[in-house]
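Asker: Sharing a sequence plus its predicted fold:
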Amino acid sequence: MEKKAIRNLSSTTILIFLIMLTLVNNAFASRIPDTHDFGLAASDDTYTTINNPSKTSGSEPLIYVSFNDWIGWLKFSLTPLMDTILGDAKLCIYDWFGSMRFQEASVYYASDNWDEETLCWNN
Amino acid sequence: MSTVQWFRGWVRFDVRNCILDHLSRGELSVSFVITGGGWFNSKECGDSATVPRIDIQDISIPPDLDGDINGDGIVDVTDAAIMGANWMQTVPPGYYKADLNQDGIIDVEDASIRGAHWQETEPLPIAYSSGYTFTVPNDGDAEVTYLTIMRFYISTSGTTGS
């Protein structure tokens, strides 16, 4: 008699557990995180060179970079990312010219108080 | 920050931690300096496929409520403002979450979906978490500390805590 009661109790517990599992699963079915890939375009891009320190280059089609004498600048607005949970972010720049040897470039953070219309080596 | 080598074509740098660092400080733009060597296409190069960009992978919880663009559980002026800021833009560069019918443009059809659910509310999930890692600015020491922040959302009839 006691064993039967325990069996019934166990069955009821399992049944309740399965019902709760189904309800929770349904509640979260459409809330499973998904991923979305998109590109963030640069708002400003230019280069500065010590060889022509007053030159502004924001409207030019290429960003010339050569060691410490020709430096590239890129700026991006982060406003579209305010509501995102960032999974990955890769800065992508396309080397138009290429060469017959391996190139090497480095990227560093910079302050944001510049724009492509006015930035030159002197400022 | 980081250095890469390549032969020609695309060059990619991992900037996730940098962006998270900026966002955690409330900064709405980020700048990079490039040194080394290369002739890189600018946004004025005439080829939209090769302009400088940041490839973003967004991990998001899709809202159950149509029209709830920012996912705060209510269709309101905030959603309308986001849609307005991206009005008549194609996606991308328009904000993809404002393209409610996912036809690639944010237009009157999306506005009508938002309007049909105006002021509707929905409780946020009972609990879920989102975590991210960011770089903590240091005082010049080469050692960098990483922290993981977990945000928990608890729903009690539509109100949230974090």
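Answerer: That came in fine, so what should we check first?
Asker: When you work out contacts or count neighbours from here on, use the C-alpha atoms and nothing else.
Answerer: Fine.
Asker: Output the below-cut-off pLDDT ranges for chain A.
Answerer: For chain A, residues meeting the criterion pLDDT under 70 lie at A:1-3, A:6, A:19-34, A:83, A:98-103.
Asker: Domains of it: list them as residue ranges, please.
Answerer: Here the domain parsing of chain A from automatic domain parsing is A:2-31, A:35-123.
Asker: out of those, deepest packed?
Answerer: Most buried of those, by mean neighbour count (mean count of other C-alpha atoms under 10 Å in any protein chain shown): domain A:35-123, with a mean of 18.
Asker: on that earlier part again, TSV please, covering the domains of chain A and showing distance to chain B.
Answerer: Conversion of the domains of chain A to TSV gives the following (distance: least, C-alpha to the nearest C-alpha, whole Å):
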stretch	distance to chain B
domain A:2-31	6
domain A:35-123	4
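Asker: Mind putting the ones you listed into JSON lines with distance to B:Val33?
Answerer: Formatted as JSON lines, the domains of chain A follow (distance: least, C-alpha to C-alpha, whole Å):
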{"stretch": "domain A:2-31", "distance to B:Val33": "39"}
{"stretch": "domain A:35-123", "distance to B:Val33": "5"}
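Asker: can you give me the offset of the helix or strand harbouring A:Asp69 from its chain's centre?
Answerer: Assigning secondary structure by DSSP states H and E places A:Asp69 in strand A:62-77. In terms of C-alpha atoms, centre = their mean, to the nearest Å, the centre of strand A:62-77 is set 20 Å apart from its chain centre.
Asker: and that strand, what does it pack onto?
Answerer: Secondary-structure packing of strand A:62-77 (3 or more C-alpha pairs under 8 Å, 6 or more residues apart in numbering or on different chains; DSSP states H and E): strand A:44-49, strand B:29-41.
Asker: With just CA atoms, put the next helix or strand after it into CSV.
Answerer: Once the chain leaves strand A:62-77, the next helix or strand it forms, by DSSP H and E, is strand A:86-95. Provided in CSV are the C-alpha atoms of strand A:86-95 (Å, rounded to 0.1, in the frame of the first residue of the first chain):
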residue,chain,number,x,y,z
LEU,A,86,28.4,42.3,-29.6
GLY,A,87,29.5,38.9,-30.6
ASP,A,88,32.3,39.8,-32.9
ALA,A,89,33.8,43.0,-34.5
LYS,A,90,36.4,43.0,-37.2
LEU,A,91,37.9,46.2,-38.7
CYS,A,92,38.1,45.5,-42.5
ILE,A,93,40.2,47.6,-44.9
TYR,A,94,40.9,46.7,-48.5
ASP,A,95,44.4,47.0,-49.8
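Asker: the inter-axis angle of strand A:86-95 versus strand A:62-77?
Answerer: 160 degrees (axes from the mean of the first three to the mean of the last three C-alpha atoms, to 10 degrees).
Asker: angle of the helix or strand just after strand A:86-95 against strand A:62-77?
Answerer: Sequence-wise, the next helix or strand downstream of strand A:86-95 (DSSP H and E) is strand A:103-110. Relative orientation of strand A:103-110 and strand A:62-77, computed by the same axes, to 10 degrees: 30 degrees.
Asker: Which strands or helices does strand A:103-110 pack on?
Answerer: By 3+ C-alpha pairs under 8 Å, 6+ apart, strand A:103-110 packs against strand B:2-6, strand B:29-41.
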